[in-house]
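Colleague: next one to model:
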Amino acid sequence: MHTEAFLAHRNLLFTVAYEMLGSAADAEDVLQETWLKWTGVDLDTVENQRAYLVRITTRQALTRLRTLGRRKESYVGSWLPEPLLTTPDVAEDVELADSVSMAMMLVLETLTPTERAVFVLREVFALGYDEIAEAVGKTTAAVRQISHRAREHVAARRPRGVTSPTDARTAIEAFQRAVETGDLQSLLDILAPDVVFLGDGGGVKQAVLQPITGADRVARLLTAGIGRIAELMSLEPAQVNGLPALILRLDGEVDTVLAMHIDNGLVTGLYAVRNPAKLSHMERETTLRR
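Modeller: Sure, this is the predicted structure:
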């Protein structure tokens, strides 16, 4: 019975943990901890197995999130969420796709651990305030206040614009053609004037240590960097965190995941993940649920 219930909700629990942590590896660890705690629960005392499992997962993720915060303080360069190769149904759930997008996950990084847990459980998974209060160890009244504060915080920082999957694919195809041909002007045409480029090499792979802003600087960085490896590389489109993205392979191996935020047909955010420790989920699809 324990195993059946856990497996029935496993994808949901992984999604909760991943949205709270931005790390698939840590989310998998949280699921292991959740399973161990779940096996010690007397199921006759559990009214709602889904809610109980979400509660355990949230508590374990909160503990890990506080530890992660300390790790990020000493991280070399920009810290980006671990990219996931996602199944097509994630893109069809617009709200879920938005909530796990690179741009949105970076906004969630600016919340406190408790704010992030409350926001994710309320806005993404539509849990009631009472359930959330149980999960985060606060009163219902306190959770309502935290939820309001977190919602305002996210609204002020969330990326502007909602782009249809078709428009996003069109923009990314234009971006890919410009990069592959080294056409600087075509690249400038697809980049928003205030585009921001973030790189994450984790101190292991070469990457920009500070955000690069502006179409001209970003275009020149891309053409110079890719020009050096053009003959060895391949770019392939993929669904990453629910949105169209590109995977750059060197000699057939995943080298960089290039996720993007598109607004009004232009690339406004570029997120290049090169840290090898963050690329292990790029060879197989991950199923997300809410």
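Colleague: not counting sequence-adjacent ones, nearest residue to residue 66?
Modeller: residue 113 (5.6 Å; CB to CB, 6 or more residues apart in numbering). Where you see a C-beta, it was placed from the backbone N, CA and C, and this is true even at glycine.
Colleague: my guess is that neighbour contacts residue 62, does it?
Modeller: Yes: look at residue 113 against residue 62 with CB atoms under 8 Å: they come within range, at 5.5 Å.
Colleague: now the residue nearest to residue 66: how far from residue 283?
Modeller: With distances taken as CB to CB, to the nearest Å, residue 113 is found 31 Å from residue 283.
Colleague: looking at the two, which is more packed in?
Modeller: residue 113 (18 against 10; other CB atoms under 10 Å).
Colleague: list the contacts for that one?
Modeller: Contacts of residue 113 were listed using CB atoms under 8 Å, 6 or more residues apart in numbering, and they are 20, 62, 65, 66, 69.
Colleague: go again using 7 Å as the cut-off
Modeller: 62, 65, 66 (CB atoms under 7 Å, 6 or more residues apart in numbering).
Colleague: quick one, which of these are buried?
Modeller: 62, 65 (16 or more other CB atoms under 10 Å).
Colleague: residue 144: which of the contacts of residue 113 is nearest?
Modeller: For the contacts of residue 113, the residue nearest residue 144 by CB to CB is residue 62; the value is 18.4 Å.
Colleague: count of residues packed around residue 172?
Modeller: Neighbours of residue 172 using other CB under 10 Å come to 23.
Colleague: which residue, neighbours along the chain excluded, lies closest to it?
Modeller: Per CB to CB, 6+ apart, closest to residue 172 is residue 244, 4.8 Å.
Colleague: and residue 134, by the same measure?
Modeller: Using CB to CB, 6+ apart, the closest residue to residue 134 is residue 55 (5.7 Å).
Colleague: give the next helix or strand downstream of the lengthiest helix in the chain.
Modeller: Counting residues, the longest helix found in the chain (DSSP state H) is helix 49-73. Going down the chain from helix 49-73, the next helix or strand is helix 88-92, by DSSP states H and E.
Colleague: could you pull up the mean pLDDT of that following helix?
Modeller: Helix 88-92 carries an average pLDDT of 89.
Colleague: return the residues in contact with the residue of the chain most remote from its centre.
Modeller: Centroid-distance maximum for the chain: residue 44 at 36.4 Å, with CA atoms, centre = their mean. Neighbour list for residue 44: empty [criterion: CB under 7 Å, 6+ apart].
Colleague: helix, strand or coil: sort out it for me.
Modeller: With DSSP: H, G, I helix; E, B strand; the rest coil as the basis, residue 44 sits in helix.
Colleague: show me what the closest residue to residue 212 other than its chain neighbours is bridged to.
Modeller: In space, and not counting its chain neighbours, residue 212 is closest to residue 197: 4.3 Å by CB to CB, 6+ apart. Going by DSSP bridges, residue 197 is paired in beta bridges with residue 212, residue 270.
Colleague: give me the pLDDT for residue 197.
Modeller: Confidence score, pLDDT, at residue 197: 98.
Colleague: that one: what's it in contact with?
Modeller: 208, 211, 212, 218, 221, 270.
Colleague: distance of it from residue 218?
Modeller: From residue 197 to residue 218 the distance is 5 Å (CB to CB).
Colleague: find residues that contact each of those two.
Modeller: Joint contacts of residue 197 and residue 218 (CB under 7 Å, 6+ apart) are 212, 270.
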